[in-house]
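Novice: Please find the sequence and the predicted model below.
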Amino acid sequence: MENVSAAKIFTGKSPSSMAQFRGKALVVVTLTSAILFAYAWFNVSLIQNDDVGKAIQNQRRIGAIQMADHQDSVPDNVGYLDPGVKKAATKRAICDNSIRIGHLNRICDDMKLTNEPIPWQELSGRHWIVDDAHRVFYCLIPKAATHTIRQLLATPILGRLNVSVLYPMQSYLSATGFRLLYHLDEDERRAVLDDYFKMIVVRHPLDRLRSAYANKMKQAGTLNWQVLHKHQHIIEEFLRRKGKLAGVDGDSFDPMNMTIEFEEFVDLIGVDDKQFVDEHWMTFYDTCFPCSIHYDAVMRVETLEGDASALYRFVGSDNGSEPTVGLNNADLSLDPASKLSAIRSVFRKIPANVMARMLRIYDKDFRMFGYHWDPDEGATCHISSDNFTGECC
């Protein structure tokens, strides 16, 4: 099957001559919308309170949200939508990728960070994945749906793959033929960043911190050995300053029997953010350089299933495979509003001075990707501009 570029799937235009596709894309979108609406009108009388009726309703909801991807709002005459579904579809429409990209670019300009030089010599450990077959570049941010996206990108190449192929990274690269950007020479890197479709997946910074703590700082009630191996000296010094190692000398210190509470974890990041650095809580800005690399797609964990629909169609185009666009972590299966609201109860326990230090560290991430925190309202994510105000979660 002829290879289809990711840029064409997302935008309806090829990267080499986008203008010539505009007319065709408009026709396709118009016809698709008309078909979906006609299908809904024809079947509206069939909906009953049984399993068949529920299945039909579900398909209509999917269709409505797909239609909303191509419109400023859901048309009022789509009468079969109940208020909740109509609100969700409208929300999907106003969270158009171009709005997110525009917001990101505007903040980069405001902060005078646009085209800031990339320190290539410091990036040897970055998991910047290059898929040459599909001309896709993916900046991997740990704890932001990496399992899902890695599987999504690998499926058209490997078919129904064993998840063990996804880890470690070297196994994944060997199985898929993907490369890491820092392995490329300067000319190849520039070609990728200029010509490939570039994507990033982000997550509310506070929810990502909560997940990193649960997964990397705790293991069966004790500290994760990988984190200890990398940060033992910093952790030991921190615990001593907190008085948790009174009477314990260096020889008898056993970090595997120590615990760090979530509040202490946040405090540790705030106090030693330059030394206590780990890819699982490193900022988006320092991980993916969003003001230096001009990304074509910004997806959110909170709305991943909808955001990744175009990528889903793209990566499934080679061999007919249909990878599942979903979230690997069970706790992320909650609806976004419930998840973001739940974060409030966790972070309201953090002392104000500690919270202030931590928020300063992640300030760029909050501002560039439209995430917010308010101790009363909790965690939210939305983007505001001169012509747009809406919630993306």
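Specialist: In hand now; what should we look at?

Novice: Going by C-alpha atoms from here, please, whenever you check contacts or count neighbours.
Specialist: Noted.

Novice: so where's the chain uncertain?
Specialist: 1-95, 159-162, 218-226, 228-229, 246-257, 272-274, 309-310, 312-341, 382-393 (pLDDT under 70).

Novice: Now do the domain split for it, please.
Specialist: 6-94, 98-203+281-331 (automatic domain parsing).

Novice: pretty sure Val165 contacts Ser171?
Specialist: Yes: applying Cα atoms under 8 Å, one finds Val165 in contact with Ser171, separated by 6.0 Å.

Novice: ok, now which ones touch Val227?
Specialist: Counting by Cα atoms under 8 Å, 6 or more residues apart in numbering, Val227 makes contact with 216-217.

Novice: So it belongs to a helix, correct?
Specialist: Yes: under DSSP: H, G, I helix; E, B strand; the rest coil, Val227 sits within a helix.

Novice: Neighbour count: Val165 and Ser171, which is higher?
Specialist: The residue with more neighbours, out of Val165 and Ser171, is Val165; 19 against 13, by other Cα atoms under 10 Å.

Novice: Now do the contacts for that one.
Specialist: 171-172, 175.

Novice: Which parts of the stretch 101-250 of the chain are strands?
Specialist: 128-131, 136-139, 179-180, 197-202 (DSSP state E, counting those that start in this stretch).

Novice: Columns mean neighbour count and distance to Ala356 on top of those strands, output as JSON lines?
Specialist: Output for the strands of the stretch 101-250 of the chain, formatted as JSON lines (neighbours: other Cα atoms under 10 Å; distance: least, Cα to Cα, whole Å):
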{"stretch": "strand 128-131", "mean neighbour count": "22", "distance to Ala356": "31"}
{"stretch": "strand 136-139", "mean neighbour count": "24", "distance to Ala356": "28"}
{"stretch": "strand 179-180", "mean neighbour count": "20", "distance to Ala356": "35"}
{"stretch": "strand 197-202", "mean neighbour count": "22", "distance to Ala356": "22"}
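
Novice: Please produce TSV containing those strands, extended by distance to His103.
Specialist: Formatted as TSV, the strands of the stretch 101-250 of the chain follow (distance: least, Cα to Cα, whole Å):
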stretch	distance to His103
strand 128-131	23
strand 136-139	19
strand 179-180	28
strand 197-202	14
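
Novice: To Ile157, which of those strands lies closest?
Specialist: strand 128-131 (10.4 Å; Cα to Cα).

Novice: Identify all contacting residues around the closest one.
Specialist: In contact with strand 128-131 (Cα under 8 Å, 6+ apart) are residues 136-140, 177-182, 192.

Novice: strands paired with it, and their directions?
Specialist: Partner strands and pairing direction for strand 128-131 (DSSP bridges) are strand 136-139 (antiparallel), strand 179-180 (antiparallel).

Novice: of all the strands of the stretch 101-250 of the chain, which lies closest to Thr287?
Specialist: Of the strands of the stretch 101-250 of the chain, nearest to Thr287 by Cα to Cα is strand 136-139, at 7.9 Å.

Novice: Kindly export that closest one (C-alpha atoms) in PDB.
Specialist: Extracted in PDB, the C-alpha atoms of strand 136-139 (Å, rounded to 0.1, in the frame of the first residue of the first chain):
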ATOM      1  CA  VAL A 136       7.400  10.700  12.100                       C
ATOM      2  CA  PHE A 137       9.300  12.200  15.000                       C
ATOM      3  CA  TYR A 138       8.000  11.500  18.500                       C
ATOM      4  CA  CYS A 139       9.400  13.200  21.600                       C
END
